[in-house]
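A.B. asks: sequence unknown, structure follows:
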């Protein structure tokens, strides 16, 4: 149930085409959509939370993911996270208009999240990485933010090993409303940014696809223990979660 669907339902009541009870029945009748293979879609999530259901591919079989996308596509654009080449080989024949981006693990249908470089380096939301090894997580955040309708840019490879690389981007960083900072190793980039800028920081520790010592736990703990105020921390590699938090923040500020 999208806002468009609900508005159409209310118009039908206003025009006398439906009684209030009939409209209520249609609204309440299918808050869930039970599909094959034990899949139950939450069709009212967009109405309740402001963000519609997104398909998390990890742990699902390719046929299950295809079923999920098929069930969601009539309500609007669809996003699938944590996909891989095997999953894409099932999704693309079923949905030829879909877009798959392997570095981010995202598959999108009905919208283009703009994952092909060059990426804009300005925006109300800026995703920034400490190193190119963090780019996959950053692209998940960037593509998800754009899927949610945010004005988002991406700045890559400006971490504390060469912190002077930040300097050319400081005006854009100051102009952003939220910064999503992705970093592995010592996880220091969010602390540096919070010490330089007035902008709220959403920190995302990166496992660097297994290359980070302790799988990103050290980065997570460093971010949680930052001495710079104004940082919130997402889970390891959770670029999508950082984007979803930012989207809800913006919707709340806009009174949506």
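C.D. replies: Thanks, I have it. Note that the structure is a prediction, hence the values are computed from the model and not measured. Residues are numbered from 1 along each chain as shown.
A.B. asks: need the helices for the stretch 1-150 of the chain, in chain order.
C.D. replies: Counting by DSSP state H, counting those that start in this stretch, the stretch 1-150 of the chain has helices at residues 3-14, 20-29, 45-49, 62-72, 85-94, 135-147.
A.B. asks: between those helices, which gets the lowest average pLDDT?
C.D. replies: Among the helices of the stretch 1-150 of the chain, helix 20-29 carries the lowest mean pLDDT, a mean of 66.
A.B. asks: re the thing from before, would you mind finding the most buried of the helices of the stretch 1-150 of the chain?
C.D. replies: Highest mean neighbour count of those: helix 135-147, a mean of 28 (counted as mean count of other C-beta atoms under 10 Å). No exception for glycine: its C-beta is placed from N, CA and C like everyone else's.
A.B. asks: Outside of it itself, list whatever touches it.
C.D. replies: 54, 77, 79, 81, 101, 103-106, 108, 111, 113-115, 119, 125, 127-129, 152-154, 156-157, 180, 182, 204, 206, 209, 237-240, 242-244, 246-247 (C-beta atoms under 8 Å, 6 or more residues apart in numbering).
A.B. asks: Got a quick ChimeraX command for the buried subset of those residues?
C.D. replies: In ChimeraX, a selection of the buried entries from those looks like this (16 or more other C-beta atoms under 10 Å):
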select :54,77,79,81,101,104,105,106,108,113,114,115,119,125,127,128,129,152,153,154,156,157,180,182,204,206,237,238,239,240,242,243,244,246,247
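A.B. asks: can you give me the offset of the helix or strand where residue 241 lies from its chain's centre?
C.D. replies: Using DSSP states H and E, residue 241 sits in helix 239-253. Its chain's C-alpha centre and that of helix 239-253 lie 8 Å apart, by C-alpha atoms, centre = their mean, to the nearest Å.
A.B. asks: by contact count, what packs against that helix?
C.D. replies: Counting contacts by 3 or more C-beta pairs under 8 Å, 6 or more residues apart in numbering; DSSP states H and E, helix 239-253 is packed against strand 125-129, helix 135-147, strand 178-183, strand 201-205.
A.B. asks: could you redo the last one with a cut-off of 7 Å?
C.D. replies: Helix 239-253 sits against helix 135-147, strand 178-183, strand 201-205, with contacts defined as 3 or more C-beta pairs under 7 Å, 6 or more residues apart in numbering; DSSP states H and E.
A.B. asks: Next secondary structure after the first one?
C.D. replies: Spelled out, it's helix 135-147. Counting by DSSP H and E, the next helix or strand C-terminal to helix 135-147 is strand 152-155.
A.B. asks: what does the following helix or strand past that following strand contact?
C.D. replies: Scanning forward in sequence from strand 152-155 by DSSP H and E, the next helix or strand is helix 170-175. For helix 170-175, the surrounding residues in contact (C-beta atoms under 7 Å, 6 or more residues apart in numbering) are 121, 122, 126, 179, 197, 199.
A.B. asks: where does the protein have low pLDDT?
C.D. replies: Low-confidence segments of the chain (pLDDT under 70): 1-6, 9, 24-38, 256.
A.B. asks: The helices of the stretch 1-150 of the chain into JSON lines, with extra columns for distance to residue 216?
C.D. replies: Below are the helices of the stretch 1-150 of the chain laid out as JSON lines (distance: least, C-beta to C-beta, whole Å):
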{"stretch": "helix 3-14", "distance to residue 216": "37"}
{"stretch": "helix 20-29", "distance to residue 216": "42"}
{"stretch": "helix 45-49", "distance to residue 216": "27"}
{"stretch": "helix 62-72", "distance to residue 216": "25"}
{"stretch": "helix 85-94", "distance to residue 216": "23"}
{"stretch": "helix 135-147", "distance to residue 216": "9"}
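A.B. asks: Any idea which of those helices gets closest to residue 251?
C.D. replies: helix 45-49 (9.3 Å; C-beta to C-beta).
A.B. asks: Quick one: closest of the helices and strands packed on helix 239-253 to residue 168.
C.D. replies: So among the helices and strands packed on helix 239-253, strand 178-183 is nearest, using C-beta to C-beta, at 15.6 Å.
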